[in-house]
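> All I have is the shape, not the residue letters:
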C-alpha cells in the first residue's frame, strides 16, 4: 500500500489502479503481497524466445510467498504450459500478449495429456486439462486479469482420432447418414496436422476442480478447441472478457455459482457460451446457480470481432448448418442444469438459444429474458429432451421442466426451422412459459413442408436440423405438457405456406394474445393428439377450447 494512503480507500480502488501504483513505486499491494514482474524472472517478451520457465518461476514465487500478482508489462510472451497456483493473479498489462508457442523439435512442448478413466463419455477436449496454454487443478483464489490479450496461435483446434467406435449421437446428423459416419475433421489453418496430441495443447485456459476464480477484462484470440474449459469450478466470475475464436468460447462444465457478465464472444464454428454437465469428473455433477447477463454472441469471421471489421465471408460450421456462435445448455448433460438465468443478451449472425439434455440429466428452473436476435441461422428457441445416453450403463432419460422465456425479439430467422420444443414419447417437456416474444422468419415454406411428420431421432445428437423439414413456420411443439403462450407473435418476410403453430402430443396448451401472419387458406393451429387446449384473444380465431382432439386445423 502507498505510504500515507488510507487503507480503506486503497481497498476500494480498482485493481488495475492498485497494480499500477505498486509497479510505479515498488510498493506491495494491499495485504503485503508484492507484484512480481515476469521480466524480473527472465522473461524477454520478444515473441521469439520461449518465456515459459520465467513465467512459471514468477507464479511459484508468488504462491510460495502466500499469494500475489504476476505482472506482464507490454510485450509478446511466447510460452508453452503456464501452471497456475492458488492465491495468484496473472495480470496482463496494456500491450501485453501471452502467445501460445508452436511445438516442434527443439522448440518445446506443452504439458502431457493426463489420464482420465472417464474420457469415453465425452469428447477428448472435455476430458483433459493439462494440455493447455494456461491450466490449474485443485486451486483456490486464482485470477486472470486484463487489459492484455491471450493469443492461441500455436494451439490446435481439435483432438486425436476417435478413442472408441463412433455411435449415433456423437455428431450431428448433417455430418453423415447416421450421425457417426464422419470422424473429426481438420479445420483450415490448424497448426496440428496429425492425429497425435503429443506435445500439443488445444485449450487457452483449462481449470479443473477449482474455487473462487475471477477472469476479467482481457481478450482471447484463437482459443484452440476451447478458449476456456472450466470443469468442477465453483464460485466462478467471468467479467468483461472478449473472445474471438473458431471453436468454443466458454465451456462451463459441472460448475456451481457462476456469473458471466458483459462479455463478447465470437465463435463462427462452435458455441459461444455453453453450459455443460459431463461425466469427466467420474460422476454426474449438475451445473447450477448460473447467471449470464449483458453478453453478446456472434458468428462473424474469425478475428473480425477483435479487429472491428465483423466480416461475414466464411460460412464455417462443423455440421454444415452455417455459423454457430450461440448460448446453449448441453450437449454433454449427465448431471443436468438447475437455477439458470440468462438476461439482456444479444445474438447476431448465430444460432438461437438451445436448452438440451440428452445424457440423463434434469434441466429445470431456467429463466431467460430480454434477448435480441438478428440473422439467426437455425431455430430461435430450441428445447430438446433426448436419449443419447452417453454415459455409464444405466444412464436414464432426463427431464426438462419449469422453463420461462420472455421478452425476446428476433428478426431474419432461418426459414427452415420454427422454434422447437421436442420431448420424447412418454417423456414430455413440462411447464414451459413463453411471454412477450416477437419473431420474424424469412419465409418460403411450402405446402409439402406443412405435410411432413418429423422423425423422433431419439438417440441423435441434438441440433434443430435433426428433424428435417418442420411442418410449422413459427412454433412446433411435440411431447410437451403444460405449455403457456401469451403475447407472442410470429411473422414472415416472404410468404410461407406452413401453419404458424403445430402441436403434436401436447397436453395443457394455453394460447392468449397470440398473433401470426398466415398465407391465404392456411390455419392458425394444427392439432395432433392434443388434450386440454385453449386459445383466447388470438387474432383471427374465436376463443376456442378442446378437451381432446386427434387431428384438427383451426
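Yep, that arrived. Predicted, not measured: the structure shown is a model, and the values here were computed from it.

> Please count neighbours and contacts with C-alpha atoms only from this point.
Fine.

> per-domain residue ranges of this protein.
As recorded under automatic domain parsing, the domains making up the chain are 1-31, 33-321, 352-554.

> any chance of the ones you listed in CSV, with mean neighbour count and distance to residue 341 too?
Output for those, formatted as CSV (neighbours: other CA atoms under 10 Å; distance: least, CA to CA, whole Å):
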stretch, mean neighbour count, distance to residue 341
domain 1-31, 14, 27
domain 33-321, 21, 5
domain 352-554, 20, 5
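
> If you average pLDDT over each of those domains, which is lowest?
Lowest mean pLDDT within the domains of the chain: domain 1-31, a mean of 45.

> Just confirm residue 486 contacts residue 512, I think it does.
Yes - taking CA atoms under 8 Å as the definition, residue 486 is a contact partner of residue 512 at 4.7 Å.

> that older thread, make TSV from the domains of the chain and add distance to residue 340 to it.
Below are the domains of the chain laid out as TSV (distance: least, CA to CA, whole Å):
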stretch	distance to residue 340
domain 1-31	29
domain 33-321	5
domain 352-554	5
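
> In three-state terms, label the closest residue in space to residue 453 that isn't next to it in sequence for me.
In space, and not counting its chain neighbours, residue 453 is closest to residue 471: 7.1 Å by CA to CA, 6 or more residues apart in numbering. For residue 471, the assignment made with DSSP: H, G, I helix; E, B strand; the rest coil gives coil.

> Contact partners for residue 471?
449-454, 498-499, 502 (CA atoms under 8 Å, 6 or more residues apart in numbering).

> What's the separation between it and residue 445?
9 Å (CA to CA, to the nearest Å).

> Now for the two: what residues contact both?
Joint contacts of residue 471 and residue 445 (CA under 8 Å, 6+ apart) are residue 498.

> In three-state terms, how would residue 458 be classified?
Residue 458 - assigned by three-state DSSP - is coil.

> I figured it hits residue 397, correct?
No - the criterion here is CA under 8 Å, and residue 458 misses it with residue 397 at 10.4 Å.

> Touching both of these two, which residues are there?
386-387.

> Tell me the span between the first and last residue of stretch 39-49.
First-to-last distance for stretch 39-49 - CA to CA - comes to 13 Å.

> Can you list the neighbours in contact with that stretch?
Contacts of stretch 39-49 (CA under 8 Å, 6+ apart): 51, 54-55, 57-58, 72, 74-78, 99.

> Just those: which are in strands?
72, 75-78, 99 (DSSP state E).

> Next, give phi and psi for residue 116.
Dihedral angles phi and psi of residue 116 (degrees, to the nearest 10) take the values phi -150, psi 110.

> Can you give me the distance of it to residue 279?
For residue 116, the distance to residue 279 - CA to CA - is 11 Å.

> cool, residue 232 as well?
For residue 232, the distance to residue 279 - CA to CA - is 11 Å.

> Ok, residue 200 next?
To residue 279, residue 200 is 24 Å away according to CA to CA.

> now do residue 313
Per CA to CA, residue 313 is found 37 Å from residue 279.

> cool, and residue 428?
Distance, residue 428 to residue 279, using CA to CA: 24 Å.

> Just confirm residue 449 is within a helix.
Yes - Residue 449 forms part of a helix when assessed by three-state DSSP.

> Next, the closest residue to it other than its chain neighbours: phi, psi?
Distances taken as CA to CA, 6+ apart place residue 471 nearest to residue 449, at 5.3 Å, with adjacent residues excluded. Phi and psi for residue 471, reported as degrees, to the nearest 10, are phi -80, psi -10.
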